[in-house]
Structures are given as structure tokens and as C-alpha cells.
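In: Turn this into a model:
(one chain, ligands or ions: 2)
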Amino acid sequence: MPNPLTFAVPKGRILDEALPLMARAGVVPEAEFHDKKSRALSFACEDSDMRLIRVRAFDVATFVAHGAAQVGIVGSDVVEEFAYPDLYAPVDLAIGHCRLSVAGPAGADGGAMPSHLRIASKYPNLTRRHFESLGIQAEVVKLNGAMELAPSLGLSSRIVDLVSTGRTLKENGLVETSTILEISARLIVNRAALKTDERVGELVERFRALVSEARVAA
Ligand SMILES: Nc1ncnc2c1ncn2[C@@H]1O[C@H](COP(=O)(O)OP(=O)(O)OP(=O)(O)O)[C@@H](O)[C@H]1O
Ligand SMILES: O=P(O)(O)OC[C@H]1O[C@H](OP(=O)(O)OP(=O)(O)O)[C@H](O)[C@@H]1O
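Out: Residues are numbered from 1 along each chain as shown. Ligands and ions are numbered 1, 2, ... in the order given. Predicted structure coming up:
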């Protein structure tokens, strides 16, 4: 019997939408996974050939890119930010929709275009790439959350952050000025594992079929 396949999932908001889809693909973790008091990070699955690990969203990509996990689910924001060559994202799961946007205080975009901007973001690579395409040099202040505080406290003039309802921006006095990326969750796999372990390809096909069934039914 080969080692169980390791399937990495983020611990936060994508999970609620991902779990029903995973169940339909036959990926069902043991009951302890749902126990909020549990400190375990790795869980057996009903299918004993698989285990689930629960990590932070950015780390899902890192585990899969390095082959420590063979499969995972993560937002396309994370896939694009890292652009790991060993990571392949073959299925758009059509869940976890949001967008990566530039925002700033109202009126911040008036006047001449500056050649340099200080931007707070959790996404330094996507931010730099976006502003470079506009001919603006972006100095990125890397934050891990609560980006919306940065402009009012003088840490940056703009932010690049995820937006879903727009409520967080509004309640912090910021206005969305442009969208960099439309985002949804992806099934990701390690490229080498896809070539060498037929269970990875089978799982990809199962998720692909589920997503196209859902599209036809919609
Ligand atoms: N409103 C939103 N805010 C943040 N992320 C969202 C939103 N809507 C969808 N997403 C997606 O959810 C992903 C974050 O997933 P999740 O919250 O499950 O991860 P996490 O492990 O809790 O993240 P973190 O490391 O930030 O704690 C984002 O990368 C994005 O693709
Ligand atoms: O447009 P909205 O629906 O208001 O959602 C956007 C907010 O959600 C995310 O933060 P999250 O709640 O994940 O917390 P974080 O600051 O720890 O990233 C994101 O970073 C925004 O702050």
C-alpha cells in the first residue's frame, strides 16, 4: 500500500464551501476535523488512502509546490502571487469568489499620476506587477491583515486587498479604485505527483466532473 495522499486545505472561509464539494469527490475527513477544540493539524479520511492537513491559505500552495502535499484547495490569488513552477491548478472550483483590488481614501486618484507609490498589501508580487504595468514603481509594505488601517495611519497611500462585499473598505473610509484580479478557489496539484501517482490524476478528474455537472445544472 503506498503512502496516503496528502490533501491540504486552508483553515478559514473557503473551507465551508469546499467541504461539500470534497465530500462529493469522496474526500471526507474524520469527525475530529470538525471539533473546534482539537489542536490536530492532520486528519485521517474515510478513504484510508488519503489524509487531510489544515494549514494557512498561503501555506497550502507551499506544501503542494514542494510535494509535501500532493493536492490542495486554494484561492487563485495565492496561486498567482507565488507562481510556483511545480504547482499546477487544473480545476476552477467556482467557489470562494472575491477580487483583488486597489483602494485608497476618497479622491486619492485625482491629479497627475505619480511615478512612485507606497502600497500596503499581503500580495507584494501581484501588487508590484500591477503597478509596473502602469509605469508606477510600487514600494510594498507587507502586512498580513487589517490593511485597511494603513492609509489613515500614514503607512501607505493605497492598499491592495481582497474585496468581497466591499463592507470592510466602506467601514474604514476607503474607496475601491480598480480591480487587479477576479478570484475563485482552485484545485491545485504537485506537477511531479500528477505524473507519478495515478491517484492524483483520478482526483483531478473527479473534481473536474463535479464542477462541470454543477455548471450544467445551473
Ligand atoms: N472576503 C474575502 N476575504 C478574504 N478571502 C476571501 C474572501 N472571499 C474569498 N476569499 C478567498 O479565501 C482565501 C482565504 O482562505 P481562508 O480564509 O480559508 O484562509 P486562511 O487560512 O484562514 O487565511 P489566513 O492565512 O489569511 O488566515 C483567500 O485567499 C481568497 O481566495
Ligand atoms: O469586502 P468584504 O466582504 O468586507 O471582505 C474583505 C475583507 O475580508 C478579508 O479579511 P479577513 O476577514 O479574511 O481578515 P484579515 O484582515 O485577517 O485578512 C479581506 O482582507 C478584507 O479585509
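In: hey, let's count contacts and neighbours off CA atoms from now on
Out: Fine.
In: is stretch 152-172 anywhere near ligand 1?
Out: Yes - applying CA under 6 Å from any ligand atom, one finds stretch 152-172 in contact with ligand 1 at Leu162, Val163, Ser164.
In: Quick one: name the residues of the chain near ligand 2.
Out: Gly145, Ala146, Asp161, Leu162, Val163, Ser164, Thr165, Gly166, Arg167, Thr168.
In: quick one: is stretch 3-22 near ligand 1?
Out: Yes - Stretch 3-22 is in contact with ligand 1 by CA under 6 Å from any ligand atom, via Pro10, Lys11, Gly12, Arg13, Ile14, Leu15.
In: end-to-end on that stretch?
Out: Using CA to CA, to the nearest Å, one end of stretch 3-22 lies 20 Å from the other.
In: ok, now which ones touch the residue sitting nearest the centre point of the chain?
Out: For the chain, the residue nearest the mean C-alpha position is Gly75 (2.5 Å; CA atoms, centre = their mean). Contacts here follow CA atoms under 8 Å, 6 or more residues apart in numbering; on that basis Gly75 touches Ala57, Gly96, Ile183, Ser184, Ala185, Arg186.
In: Now do the phi/psi pair for it.
Out: phi -70, psi 150 (degrees, to the nearest 10).
In: can you tell me the helix or strand for Val60?
Out: Val60 belongs to helix 57-65 when assigned by DSSP states H and E.
In: Could you do Ala103 as well?
Out: Using DSSP H and E, Ala103 falls within strand 98-105.
In: Mind checking the pLDDT average for that strand?
Out: Across strand 98-105, the average pLDDT comes to 97.
In: start the count at 55, not 1, going forward
Out: With 55 as the first residue, the last one maps to strand 152-159.
In: neighbouring contacts of that strand?
Out: Here strand 152-159 makes contact (CA under 8 Å, 6+ apart) with 131, 205, 211-218, 223, 227-238.
In: so which of the residues of stretch 57-76 next to ligand 1 is the most crowded?
Out: Ranked by neighbour count (other CA atoms under 10 Å), those have Pro64 at the top, with 21 neighbours.
In: measure the closest residue to that one other than its chain neighbours to Val254 for me?
Out: Distances taken as CA to CA, 6 or more residues apart in numbering put Ala111 closest to Pro64, at 4.6 Å, once the chain neighbours are dropped. According to CA to CA, Ala111 stands 20 Å off from Val254.
In: got it, and Ala143?
Out: For Ala143 relative to Val254 (CA to CA), the value is 12 Å.
In: before we move on, back to that, emit the ChimeraX select command for whichever of the residues of the chain next to ligand 2 are buried.
Out: Command for ChimeraX that selects the buried part of those, burial taken from 16 or more other CA atoms under 10 Å:
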select :215,216,217
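In: In a markdown table, list the residues of the chain next to ligand 2 along with secondary structure, distance to Met104 and pLDDT.
Out: As requested, the residues of the chain next to ligand 2 are exported to a markdown table (DSSP: H, G, I helix; E, B strand; the rest coil; distance: CA to CA, whole Å; pLDDT from 0 to 100):
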| residue | secondary structure | distance to Met104 | pLDDT |
| --- | --- | --- | --- |
| Gly199 | coil | 32 | 95 |
| Ala200 | coil | 36 | 96 |
| Asp215 | strand | 34 | 98 |
| Leu216 | strand | 32 | 98 |
| Val217 | strand | 34 | 98 |
| Ser218 | coil | 33 | 97 |
| Thr219 | coil | 35 | 97 |
| Gly220 | coil | 38 | 97 |
| Arg221 | helix | 39 | 98 |
| Thr222 | helix | 38 | 98 |
